[in-house]
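Trainee: Task: produce atomic coordinates for the following.
(chains A and B)
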Amino acid sequence: MNLLNATTRYYLLLALLLFVGGSLGLYYGINWALRTEVSEQLADRRRELLAKAEANELLPVDQLAVLLDISRTPRPLGFRDTVLLDRIEHEMVPHRQLTFPLTVRGEGPVWVSLRKSLVEAEDLLGVVLAVMLSVLALLLGGMVALNRWLSSRLWAPFRHTLAALRQYDLQQHRPLALPAPAVAEFAELNQALNGFSQRLVTDYEHLREFTANAAHETQTPLAIMQAQLEQLLQVPALAEDPAAAPLVADLYGATLRLSRLHQALSLLSKIENRQFAEAQPVRLDQLLEEKVAQLEPLFEARELRYGLDVSHGPVVVQMHPGLADSLLQNLLQNAVKHNVRGGELAVSLSKAELKVTNTGPAVEGDPARFFERFRKHNAASESPGLGLSIVQQICGYYGFGVDYSVAKQGTRHTLRVSLSPTAGVPAKRSSARLAAQG
Amino acid sequence: MKILLVEDEAALRTALLSSLKQAGYLVEAAADFAQAHEKIKLYQYDCVLLDLTLPDGSGLDLLRALKADGSPAGVLIITARDALDDKIAGLDLGADDYLIKPFHLSELNARLRAIIRRRQFQGQQQITFRDLLVLPELAEVHVRGEHLTLTRKEYDLLLYLLANPGRILTKEAIAEHLCGDAVDAADSFDFIYTHLKNLRKKLQEKGADNYIRTMYGVGYKLSHE
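Mentor: Okay, the predicted model is just below:
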């Protein structure tokens, strides 16, 4: 329910109540006024008859009885409502009746009943009510029409703002440039949002620069640490002490992990900063075969049964070769890492998509979060959990879709990369479509 | 074997220098573009280890100078990871190979060996170590004159060990050598163990000495003793 509909609903409710109240009031008011009017007319007629009787101008009773309802026996006096048969229309019609005594000279008192039909008054009421109801209907229709018009005209800037916000992507490094519409509230909203996005972009830019600088400055000390530790391992004195060498080896291993983490993070930040030179045609099928051959010992060590299907002919994609390499490496490594000993691994490549399926323990949680940075299934794992994040970033960079699905009670995991750039914008970041089935 | 090391980071230069000297090379070092340029103009080297990012110039210009002089020296480029495009440019200019920082010193030795071997057409095309004879051209291994059949990975592993005799090779370095540099080493120690076990078994079946030593918790070493 939108805001206008909500307010209109209350307006309509109020209008309905007022109309019902008004109609009732009008009905009883008009009814009362008409009956009073008829009564007054009857009273006038009585006064006239009484005056004529006083002046002895009345006809004899026998003749008078033709014109008036006259009785020689007493009748209840005063006003009454009664129903009489209309001779012309042949139906019962309500009448107002006034009965009073009249003294006709020489003939003694008689009782006269004067009557007037109320049928016109009822017709009038019907007309009044019909008018009221049509006005109500018109008001109702008018409200709805006005609502439509307002929502298309007045709320257009708001909708524009909303669309701009939905499409906003911080990674484009541009603040929102929303116009200032004529309506003050919307203008203020847009102004606030513009300021907000400007701050966001500045903060993001600072963070980005910081990450890039930190990455660059960390690289050299890491290289030095690694080289010196490797040299330290060669020192003969170390070989004589069985406790010392593993300590240095652990230190060396930790340095390697740090430098691997560093590499992954700088790769991510490079992709985000769009620092990769222009794409060139990459034979993905050849590269995939190379990668699988390279990782073969890893498959064998985990006793994986694996299959590679590149039978759909050469697949050429426009990519930076380094990123293509990284994409395949991370996909394959992910499939090995989350596999079980003696499990399966299947890779197939066609012109439309790259599909990696692997067996593995069921994973809990939201599949969308698997692509988050530092997301680990096993908290004790030595890997920093950046692999899928890199996959997602690379795919986003080239507009490829990534899709995760799981089948067989969560023990068969499939990652699909659709190779056709969505919407044909290579540099546009597309959100990963994620679906968990089964 | 004379090698020129061009590297501007002092600490890294020291480590590389001592490692290369241990491996038996004659090494000279240059800390910047000017020094390196002077040295390559004055002397002949068998191989140049070239860091591409130098404070006073680009390593790529040194490479151009070398090639312009028609130098026979092999060139191994050392590059930062975020300079992938420099790496490609270097290979286009005629560099023999590249290493991405940070790298394992044992990997550097193996690459250096391979470059030198490729460049010495007139030299001996064989590697000998105790009772072992390897003919890299034919990818053949002989133990005490007997032919030894190895799988591709076992052969790679043996060559890697032979490129670093007497040197402790960490399991991480072996894993990366066999499976590419981005392999998560922790995942891959199992397969090194398997391959080494098989290699040792095959060597012993042919009566070779047990010269592949396990350094507990560290890695492996091809022992002279």
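
Trainee: Just to check, residue A:31 is in contact with residue A:121?
Mentor: Yes: counting by CB atoms under 8 Å, residue A:121 is a contact partner of residue A:31 at 7.1 Å. Just so you know, the C-beta spots here come from the backbone N, C-alpha and C atoms, and that holds for glycine as well.

Trainee: okay, these two: which has more neighbours?
Mentor: Remark: of residue A:31 and residue A:121, residue A:121 carries more neighbours, 19 against 16, as counted by other CB atoms under 10 Å in any protein chain shown.

Trainee: How about the residue nearest the centre of chain B, nearest residue that isn't a chain neighbour?
Mentor: In chain B, the C-alpha nearest the mean C-alpha coordinate belongs to residue B:110, at 2.3 Å (CA atoms, centre = their mean). Counting by CB to CB, 6 or more residues apart in numbering or on different chains, residue B:163 is the residue found nearest to residue B:110 once chain neighbours are left out, at 4.0 Å.

Trainee: now do residue A:150
Mentor: residue A:4 (6.0 Å).

Trainee: Could you do residue B:145 as well?
Mentor: residue B:133 (7.9 Å).

Trainee: Ok, residue B:134 next?
Mentor: residue B:127 (4.3 Å).

Trainee: doesn't residue B:137 make contact with that neighbour?
Mentor: No: shown here, residue B:127 and residue B:137 do not form a contact pair, counting by CB under 8 Å, at 10.8 Å.

Trainee: Compare those two (neighbour count), which wins?
Mentor: Higher neighbour count among residue B:127 and residue B:137: residue B:127, with 18 against 9, using other CB under 10 Å.

Trainee: And residue A:357, how far from residue A:405?
Mentor: 9 Å (CB to CB, to the nearest Å).

Trainee: Quickly list what's touching both of these two.
Mentor: Both residue A:357 and residue A:405 are contacted by A:413-414, under the criterion CB atoms under 8 Å, 6 or more residues apart in numbering or on different chains.

Trainee: Other residues contacting the longest helix along chain B?
Mentor: The residue-count maximum for a helix in chain B (DSSP state H) belongs to helix B:185-205. For helix B:185-205, contacts defined as CB under 8 Å, 6+ apart pick out A:253, A:256-257, A:297-298, A:300-302, A:333, A:336-337, A:382-383, B:132, B:143, B:148-151, B:153-154, B:157-158, B:171-172, B:174-176, B:178-179, B:210, B:212, B:220.

Trainee: and those, which of them are in strands?
Mentor: If you go by DSSP state E, these have B:132, B:143, B:148, B:212, B:220 in strands.

Trainee: Restrict those residues to the buried ones and give me that as a ChimeraX selection.
Mentor: Those of the ones in strands among the contacts of helix B:185-205 that count as buried under 16 or more other CB atoms under 10 Å in any protein chain shown are selected in ChimeraX with:
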select /B:132,143,148,212,220
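
Trainee: now, which of the ones in strands among the contacts of helix B:185-205 sits nearest residue A:209?
Mentor: Nearest to residue A:209, judged by CB to CB, of the ones in strands among the contacts of helix B:185-205 is residue B:220 at 43.4 Å.

Trainee: give me the beta-bridge partners of that closest one?
Mentor: As for beta bridges, residue B:220 partners with residue B:169, residue B:214 under DSSP bridges.

Trainee: isn't it right next to residue B:210, touching?
Mentor: No: using CB under 8 Å, residue B:220 is not in contact with residue B:210; the gap is 11.9 Å.

Trainee: host element of the residue nearest to residue A:150?
Mentor: According to DSSP states H and E, residue A:4 maps onto helix A:3-54.

Trainee: Find the nearest non-adjacent residue to residue B:2, please.
Mentor: Residue B:2 sits nearest to residue B:26 (CB to CB, 6+ apart), 4.7 Å away.

Trainee: ignore the last one, residue A:328
Mentor: With CB to CB, 6+ apart, the residue lying closest to residue A:328 is residue A:291, at 4.7 Å.

Trainee: Quick check: the one you found touching residue A:332?
Mentor: Yes: if you go by CB under 8 Å, residue A:291 and residue A:332 touch, sitting 5.9 Å apart.

Trainee: could you pull out the strands for the stretch 301-438 of chain A?
Mentor: Remark: strands assigned in the stretch 301-438 of chain A by DSSP state E, counting those that start in this stretch are A:305-309, A:316-319, A:344-349, A:353-359, A:401-407, A:412-418.

Trainee: could the ones you listed be laid out in CSV, adding distance to residue A:79 and mean neighbour count?
Mentor: As requested, these are exported to CSV (distance: least, CB to CB, whole Å; neighbours: other CB atoms under 10 Å in any protein chain shown):
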stretch, distance to residue A:79, mean neighbour count
strand A:305-309, 104, 14
strand A:316-319, 101, 18
strand A:344-349, 101, 20
strand A:353-359, 94, 20
strand A:401-407, 88, 18
strand A:412-418, 91, 20
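
Trainee: Save those as JSON lines, and put in distance to residue A:15 and mean pLDDT too.
Mentor: Formatted as JSON lines, the strands of the stretch 301-438 of chain A follow (distance: least, CB to CB, whole Å; pLDDT from 0 to 100):
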{"stretch": "strand A:305-309", "distance to residue A:15": "69", "mean pLDDT": "90"}
{"stretch": "strand A:316-319", "distance to residue A:15": "63", "mean pLDDT": "89"}
{"stretch": "strand A:344-349", "distance to residue A:15": "66", "mean pLDDT": "92"}
{"stretch": "strand A:353-359", "distance to residue A:15": "59", "mean pLDDT": "91"}
{"stretch": "strand A:401-407", "distance to residue A:15": "52", "mean pLDDT": "86"}
{"stretch": "strand A:412-418", "distance to residue A:15": "55", "mean pLDDT": "89"}
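
Trainee: among the ones you listed, which is nearest residue A:263?
Mentor: Between residue A:263 and those, the shortest separation by CB to CB is 18.8 Å, and it involves strand A:316-319.

Trainee: That closest one and chain B in contact?
Mentor: No: using CB under 8 Å from any CB of the partner chain, strand A:316-319 stays clear of chain B, coming no nearer than 12.8 Å.

Trainee: Describe which strands that strand pairs with in its sheet and in which direction.
Mentor: strand A:280-283 (antiparallel).

Trainee: Can you point out the buried residues in the lowest-mean-pLDDT helix or strand in chain B?
Mentor: When the helices and strands of chain B are scored by mean pLDDT, DSSP states H and E, helix B:84-92 comes last with a mean of 77. Within helix B:84-92, the residues scored as buried using 16+ other CB under 10 Å are B:84, B:86-87, B:89-90.

Trainee: and what of stretch B:125-145?
Mentor: Buried-residue list, stretch B:125-145, by 16+ other CB under 10 Å: B:127, B:131-134, B:136, B:141-143.

Trainee: State the number of residues packed around residue B:225.
Mentor: 7.

Trainee: Just the pLDDT for it.
Mentor: On pLDDT, residue B:225 comes in at 77.

Trainee: and what of residue A:261?
Mentor: Reported pLDDT for residue A:261: 84.

Trainee: Equivalent analysis for residue A:203, please.
Mentor: pLDDT, read off for residue A:203, is 90.

Trainee: quick one: the residue nearest to the centre of chain B and residue B:167 touch, right?
Mentor: No: taking contacts as CB under 8 Å, residue B:110 lies outside contact range of residue B:167: 10.6 Å.

Trainee: tell me the contacts of residue 4?
Mentor: Looking at chain A here, since you left the chain open. Contacts of residue A:4 by CB under 8 Å, 6+ apart are A:147, A:150-151, A:155.

Trainee: I was thinking of chain B, sorry if that wasn't clear
Mentor: Neighbours of residue B:4 in contact, by CB under 8 Å, 6+ apart: B:27-30, B:36, B:39-40, B:43, B:45, B:47-49, B:73.

Trainee: which of those tops the neighbour count?
Mentor: Neighbour-wise, the contacts of residue B:4 (other CB under 10 Å) top out at residue B:36, 29 neighbours.

Trainee: looking at it, that one is touching residue B:30, isn't it?
Mentor: Yes: counting by CB under 8 Å, residue B:36 does reach residue B:30; the two are 3.8 Å apart.
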